[in-house]
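Asks: Next comes the sequence, and after it the predicted model I'd like to discuss.
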Amino acid sequence: MRQIWITRAGPPAVLQLREAPDPEPAAGQVRIRVAASGINFADLMARMGVYPDAPKIPCVVGYEVGGTIDAVGAGVTEFHAGQEVIALVRFGGYADVVVVPVSNAFVRPTGMSAVVGAALLVNYLTAYQLLVVMGSLARGDRVLIHSAAGGVGLAALEICKIYGAETFGTASATKHAWLRDRGLDHPIDYRNEDFVEVVQRQTAGQGVELVLDSQGGPAWRKNYHILAPTGRLMAFGVSTLTPGTQRSLSAFARVSLAIPRFTPLQLMSANKGVLGVNVGHLWDRPEKIRKWADQLLRWYAEGQIAPHVDRTFAFTEAAAAHAYLHSRAAVGKVVLVP
């Protein structure tokens, strides 16, 4: 098989394509011939050496794949060779062959390509946990989605439409028309507008019920400020730790010092909540993930969600794929294809 390795912490150029023997599925596992591997921001942070959950470098990362089962381990009755599936991988997804537990594999709905499948699980599971499971999303809620044109942002926008929420979203101005077509009610140009002022003006000072924030650092304080009573700040990343393509100790120190502290007494007094989400820390709760994924796949079959893939890159172009994500030009998901 072929794998994309992070050879050392650094810029995209440290990614290297290597050959390795095909793995064999153990009991309770299936082997998948991968046709597409999803890229997530966590992969970029791992490559820069600032993602604490990643394996020790040198390593192979990647959380999600789409492909076809070609072998099953002992005791597996849920799947068989030849089935088209999508799957979650606890790292190792940047490969053209992977093995996963049966609990991490899902039959691909009719008509879903491997590329689209590789764009669904991580982004949509994260958005579902943020909005539905922990955010208690309800019809009429106002929701601010930061990085609305990203993979999680677009997934969140679609789920908000299903629930009938009013959406605000930050993105560069060149993406606003496209986002409006996808259903965003109030685009905000984060480069030239203060999102706090815009939200306060457009809500007559009432604020929003939910804020989805992957930026972290000082942004958490601003987002907390615009929450309406009973509002919830949903934190699921700290992208401000990585302003470039390489690790920056000065950026890390600056952002760390700017992180606000929320106390129980403060939260009680304000009737607000601050919650954190990391789907990657739920590997030991597959029953939760499966329940959420089943709902997402039903919505896909009904035409209510449609993952958007911006571009695909060959395995040999993995460095270019990472650089493209760093450029913030992408709209939706970027996917690797063997």
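Replies: Good, I have the coordinates.
Asks: Could you identify the helix or strand that succeeds the helix or strand containing W220?
Replies: Per DSSP states H and E: W220 is located in helix 219-225. Next along the chain after helix 219-225, taking DSSP H and E as the criterion, comes strand 227-235.
Asks: partners of that next one, with directions?
Replies: With DSSP bridges as the test, strand 227-235 is paired with strand 208-213 (parallel), strand 273-276 (parallel).
Asks: For the helix holding W220, name the packing helices and strands.
Replies: Where contact means 3 or more C-beta pairs under 8 Å, 6 or more residues apart in numbering; DSSP states H and E, helix 219-225 is packed against helix 195-202, strand 208-213, strand 227-235. (Each C-beta comes from the backbone N, C-alpha and C, glycine too.)
Asks: Which stretch among those is buried most, on average?
Replies: Greatest average neighbour count among those goes to strand 208-213 (a mean of 27), per mean count of other C-beta atoms under 10 Å.
Asks: Specify the angle between it and helix 195-202 in degrees.
Replies: 160 degrees (axes from the mean of the first three to the mean of the last three C-alpha atoms, to 10 degrees).
Asks: what about the strands in the stretch 51-200 of the chain?
Replies: 64-72, 84-88, 97-101, 105-107, 142-145, 166-171, 186-189 (DSSP state E, counting those that start in this stretch).
Asks: Including mean pLDDT, distance to R18 and mean neighbour count, could these go into a markdown table?
Replies: A markdown table is the format used below for the strands of the stretch 51-200 of the chain (pLDDT from 0 to 100; distance: least, C-beta to C-beta, whole Å; neighbours: other C-beta atoms under 10 Å):
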| stretch | mean pLDDT | distance to R18 | mean neighbour count |
| --- | --- | --- | --- |
| strand 64-72 | 98 | 18 | 23 |
| strand 84-88 | 98 | 22 | 23 |
| strand 97-101 | 98 | 13 | 22 |
| strand 105-107 | 98 | 25 | 20 |
| strand 142-145 | 98 | 38 | 28 |
| strand 166-171 | 98 | 37 | 23 |
| strand 186-189 | 98 | 42 | 20 |
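Asks: what residues are up against L130?
Replies: 152, 156, 212, 234, 236, 277 (C-beta atoms under 8 Å, 6 or more residues apart in numbering).
Asks: Just give the closest residue to it, not the sequence neighbours.
Replies: M234 (4.7 Å; C-beta to C-beta, 6 or more residues apart in numbering).
Asks: Just grab the bridge partners of that neighbour for me.
Replies: Beta bridges link M234 to L212, L275 when assigned by DSSP bridges.
Asks: domain ranges for the protein?
Replies: For the chain, automatic domain parsing gives the domain ranges 2-120+307-337, 123-279.
Asks: mean pLDDT lowest for which of the ones you listed?
Replies: Of all these, the minimum mean pLDDT falls on domain 123-279 (a mean of 92).
Asks: Quick one: closest of the domains of the chain to Q295.
Replies: Q295 sits nearest to domain 123-279 of all the domains of the chain, at 7.1 Å, using C-beta to C-beta.
Asks: end-to-end on that closest one?
Replies: End-to-end span of domain 123-279 (C-alpha to C-alpha, to the nearest Å): 10 Å.
Asks: Great, nothing more from me.
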